[in-house]
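Engineer: quick one: sequence plus predicted model below, questions after.
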Amino acid sequence: MACGFLLTAAPFLPSQRNEVSGLMGHLRSSFHGKVGYKHSSLRREFSSPRGGRIVVESVLGRKVQKKETVTPDPDYRVPIVLLGIAGGLAYTDNLLPAAPVGLLGLLLLFQTTRVRFVFDDEALEVKVGDQLEDSGENVFVGGKNRWKYSTFVNWELWWPSFPILVYFKETQTKPEGQVHFFPVIFDGKQLYDVMVERAGPSKTSGPK
């Protein structure tokens, strides 16, 4: 609720009486008892002890401020670590585990360049590209990759010291709740802060 308060002083005029009038709009009524208000302001006039007249007007109204859209910056640490592990395994002739770890690292490296988490005023949405294009339907559970904060049951970021996975459960996809896991290919601190602000507190602490 915002309140505007205007105080103006008119030139001094001789007066021997105080004038106080309150206006809450033009009151209209009919024989059927209907009442309406045209204005929502309060205006008072009164004379000063020295003969001047002061006009006081206050206006009450509701002001709704939307939250800004937040898009956490990309973070390449997780794919780089995976590629480093794959390189170490290959160097020690452990080619069998090196292959899937390396492929996962390459996939996440590619996704980091294009996938974005966009937090607008009412929902989290997954978008792609620098132009933040629609990512289409979720290939695993169906439906649009957009979930309202009001449907979030809980969420966590693993692990706070080095976040690699974000988890959340929502009831928008299905009433009993749908679980989602995403690799943290964004700035972990930015992601944690905006999740706390929009979706409420988490059981885990934020990145340092």
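Structural biologist: Thanks, I have the structure now.
Engineer: my guess is Arg198 meets Phe117, correct?
Structural biologist: No: using Cβ atoms under 8 Å, Arg198 makes no contact with Phe117, being 10.9 Å away. The C-beta positions use only the backbone N, C-alpha and C, and glycine is treated the same way.
Engineer: between the two, which contacts overlap?
Structural biologist: Shared contacts of Arg198 and Phe117 (Cβ atoms under 8 Å, 6 or more residues apart in numbering): Leu124.
Engineer: which outside residues touch the longest helix seen in the chain?
Structural biologist: Looking only at the chain and at elements set by DSSP state H, the helix with the highest residue count is helix 95-114. Helix 95-114 has contacts (Cβ under 8 Å, 6+ apart) with 74-76, 78-83, 85-87, 89-90, 128-129, 183, 185.
Engineer: out of these, which sit inside strands?
Structural biologist: 128, 183 (DSSP state E).
Engineer: quick check on the contacts of helix 95-114: which are buried?
Structural biologist: 75, 78-79, 82-83, 85-86, 89, 128, 183, 185 (16 or more other Cβ atoms under 10 Å).
Engineer: circling back to that earlier point, who's more crowded, Arg198 and Phe117?
Structural biologist: Neighbour count, other Cβ atoms under 10 Å: between Arg198 and Phe117, Phe117 has more, with 21 against 18.
Engineer: sorry, back to before: for the longest helix of the chain, buried residues please.
Structural biologist: Using 16+ other Cβ under 10 Å as the test for burial, helix 95-114 gives 98, 101-102, 104-105, 108-109, 112.
Engineer: show me what secondary structure element comes after it.
Structural biologist: Sequence-wise, the next helix or strand downstream of helix 95-114 (DSSP states H and E) is strand 115-119.
Engineer: what's the angle from that following strand to helix 95-114?
Structural biologist: 50 degrees (axes from the mean of the first three to the mean of the last three Cα atoms, to 10 degrees).
Engineer: list the buried residues of strand 115-119.
Structural biologist: By neighbour count on 16+ other Cβ under 10 Å, the buried set for strand 115-119 is 115-119.
Engineer: tell me which two of the residues you listed sit farthest apart.
Structural biologist: Using Cβ to Cβ, the buried residues of strand 115-119 reach their maximum pairwise distance at Val115 and Phe119, which is 14.1 Å.
Engineer: farthest-apart pair in the buried ones among the contacts of helix 95-114, please.
Structural biologist: So, those by Cβ to Cβ: farthest apart are Leu89 and Val128, at 30.6 Å.
Engineer: mean confidence score for the longest helix of the chain?
Structural biologist: Averaging the model's pLDDT scores along helix 95-114 yields 97.
Engineer: what's the answer for stretch 184-200, then?
Structural biologist: Mean pLDDT, computed over stretch 184-200, is 95.
Engineer: give me the buried positions along it.
Structural biologist: Neighbour-count burial for stretch 184-200 [16+ other Cβ under 10 Å]: 184-192, 194-195, 198-199.
Engineer: in helices, which of those fall?
Structural biologist: 188-192, 194-195, 198-199.
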